[in-house]
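Asker: sharing a sequence plus its predicted fold:
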Amino acid sequence: MKKKILAFLLFLFPLFSLGYANADTIKIVSDTAYAPFEFKDTDQTYKGIDVDIINKVAEIKGWNIQMSYPGFDAAVNAVQAGQADAIMAGMTKTKERENVFTMSDTYYDTKVVIATTKSNKITKYEELSGKTVGVKNGTAAQRFLESIKDKYGFTIKTFDTGDLMNNSLSTGAVNAIMDDKPVIEYAINQGQDLSINMDGEAVGSFAFGVKKGSKYEYLVTEFNEALAQMKKDGSLDQIINKGTNSSKTSSQVTSLTSTTSAGQKATPVKSKYVIASDSSFAPFVFQNSSNQYTGIDMDLIKAIAEDQAFEIEIITQDLTLLLTQFNLVKLMV
């Protein structure tokens, strides 16, 4: 009888162990497009300052983490609803947030700044009168705009992601936007039609956070321990410098070497091809000041079509939707 009980316990042990391992996976949510803090690179993986910091913390503390990137507002709501364990998304540490989040020591001091297109510069808040300013929902920039909108007579339009906000500016749906200064500077260095002509407003510093009163508050203590180590050994500065300096170099294009003879022609199967592309992925695809899509990808495919003497039609849409539609087509074929 004892042997049977022992065998039964030995059978259950791996199952308990598996469940325990799954429970130890820390679900961390982040923004979806917030370069240089988090962004999807050309290899379709998320990179950036926040990503590098949380990965380094996980390495130091032995965390097993699972990252997802639903967008800032959705990330905040996910942690508050208990659908995620922690947030690492360039979240400014404020007294209001500390009412609902237990937040770490800060890792980056930030300023928010007004940005416009290059042809519609705004140099002071008074020039916003009667205009619409775009901002991401739930951010420190939104709170700052709310505090001054009545004084300067402008309206606010909120967006779930930075991409939607920037696209609305380029199409004229909003007259200006407000975001963190390093984010705007990164976009400018990537070739986007943006301009900063005002001083930034110091609104606080970024921190890691968990739901206040949750069982994950210990993560903040461990994050602080790892962060202190990173500040001491210089690895935090290395990560931040890498992220902010990359905006000055990543727009450089490496020259390509042709693998075919110059002037060699292909034989197009059709006279016209429909090419699908992402809608906002500077410097590869983005809208210029004339609301035309341009960038490295656009210039390359147009040059190929011209050289090979075939016609193209380019449709732009969010990459995730394009891939979903492409997979559905494959399933129906």
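Answerer: Received the coordinates, thanks.
Asker: strands paired with the lengthiest strand in the chain, and their directions?
Answerer: Counting residues, the longest strand in the chain under DSSP state E turns out to be strand 201-211. Strand 201-211 has its sheet partners listed here by DSSP bridges as strand 86-92 (antiparallel), strand 101-103 (antiparallel), strand 108-115 (antiparallel).
Asker: got the buried residues for the longest one?
Answerer: Using 16 or more other Cβ atoms under 10 Å as the test for burial, strand 108-115 gives 108, 110, 112-115. For the C-beta atoms, the positions are set from N, CA and C on the backbone; glycine is no exception.
Asker: now do the first one
Answerer: Neighbour-count burial for strand 86-92, with 16+ other Cβ under 10 Å as criterion, is recorded at 86-92.
Asker: among those, which one sits closest to Asp193?
Answerer: Gly90 (22.9 Å; Cβ to Cβ).
Asker: buried sites along the longest strand of the chain?
Answerer: Buried residues in strand 201-211 (16+ other Cβ under 10 Å): 201, 203-211.
Asker: if you count neighbours, what's buried in the helix or strand that that strand is followed by?
Answerer: Note on strand 201-211: by DSSP states H and E, the next helix or strand toward the C-terminus is helix 218-233. Residues of helix 218-233 classed as buried: 219-220, 222-223, 226-227, 230 (neighbour count, 16+ other Cβ under 10 Å).
Asker: so how far is whichever helix or strand comes after helix 218-233 from its chain's centroid?
Answerer: Downstream of helix 218-233, the first helix or strand assigned by DSSP H and E is helix 235-249. When C-alpha coordinates are averaged (Cα atoms, centre = their mean, to the nearest Å), helix 235-249 and its chain have centres 16 Å apart.
Asker: please, where are all the helices along the stretch 51-200 of the chain?
Answerer: For the stretch 51-200 of the chain, the helices defined by DSSP state H, counting those that start in this stretch occupy 72-80, 140-152, 162-171, 181-189.
Asker: looking at the ones you listed, spot the one closest to Ser277.
Answerer: Comparing the helices of the stretch 51-200 of the chain by Cβ to Cβ, helix 162-171 comes nearest, at 14.2 Å.
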